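J.: Following is a predicted model, sequence given first.
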Amino acid sequence: MKTSRRRSLNLVNRTSLAKLSLKFGGINMGKITVETCEIEGLKVITPTVFGDERGYFMETYNYNDYKEAGIDMEFVQDNQSSSTKGVLRGLHFQINFPQDKLVRVVSGEVFDVAVDLRKGSKTYGQWHGVILSAENKKQFFIPKDFAHGFVVLSEAAEFAYKCTDFYHANDEGGLLWNDPAIGIKWPIPADMELTISDKDQKWGSIKGLE
């Protein structure tokens with residue numbers, strides 16, 4: 001039994017579908033590892049996990065470590081959602097009250113996407129995606145003025161995130177999840193049926209924002 005548990009714990013930091021998270025360069029920051037990508041501002045954080053035969057422990061957020069990693073802001077709201085396989089949420093943003101987001105998956109697995117909407121950005125309209133799962137325990141930091149969305153790849157997923165501004169019901173903005181002008185390559189199996197809200201199916205193209 002103990003041997004089996006140890007083998008399970010050795011899987012804690014293993015990244016699933018790593019090919020979807022290429023072009024990252026890692027920097028060790030205290031108890032977390034921070035990875036950046038070709039879109040400035042986006043960061044993937046991997047916490048240090050302490051495990052033994054009893055289970056594991058990790059810090060999901062530590063202000064000092066995140067400040068050292070360049071994530072120095074006040075988070076004012078925590079959200080959590082539950083979704084089943086094939087649920088696709090997004091692409092969302094707030095217009096007048098933009099939010100920095102720190103997102104992670106508590107159970108299951110999702111493909112998480114951010115689209116750069118910052119005016120004047122050299123990567124405007126470009127996207128980056130990363131696998132977030134209960135197994136790899138990665139977090140995705142998404143700055144203000146990015147659109148955000150995800151699709152659930154596992155049978156179910158619990159998705160949690162921290163925000164630097166409150167939710168404003170009348171300030172919602174969005175982009176169509178399959179906008180060809182953005183060209184997100186969602187890793188959706190051919191036999192997986194998507195579940196998308198009516199609202200998310202009616203968002204427009206990024207060209208409309210321009």
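T.: All right, it came through fine. Residues are numbered from 1 along each chain as shown.

J.: do you know how far residue 180 is from residue 71?
T.: 32 Å (CB to CB, to the nearest Å). To be clear about C-beta, it is placed using only N, CA and C from the backbone, and glycine gets the same treatment.

J.: which one of those two has more residues nearby?
T.: residue 71 (22 against 10; other CB atoms under 10 Å).

J.: How many residues are close by residue 188?
T.: There are 15 residues near residue 188, going by other CB under 10 Å.

J.: Specify the local secondary structure of it.
T.: coil (DSSP: H, G, I helix; E, B strand; the rest coil).

J.: you'd agree it is up against residue 178?
T.: No: in this structure, residue 188 is not within contact of residue 178 by CB atoms under 8 Å, at 9.9 Å.

J.: does residue 147 have beta-bridge partners, and which?
T.: residue 115 (DSSP bridges).

J.: Make sure it is actually in contact with residue 115.
T.: Yes: the pair residue 147 and residue 115 passes the contact test of CB under 8 Å, sitting 4.2 Å apart.

J.: Overlap of the contact sets of these two?
T.: Shared contacts of residue 147 and residue 115, defined by CB atoms under 8 Å, 6 or more residues apart in numbering, comprise 91, 175.

J.: Any stretches of the protein with poor pLDDT?
T.: The chain contains residues with pLDDT under 70 at 1-30.

J.: which residues in it form strands?
T.: 25-29, 32-36, 43-47, 50-52, 55-57, 77-84, 88-94, 101-107, 109-116, 127-133, 139-142, 146-152, 156-163, 172-174 (DSSP state E).
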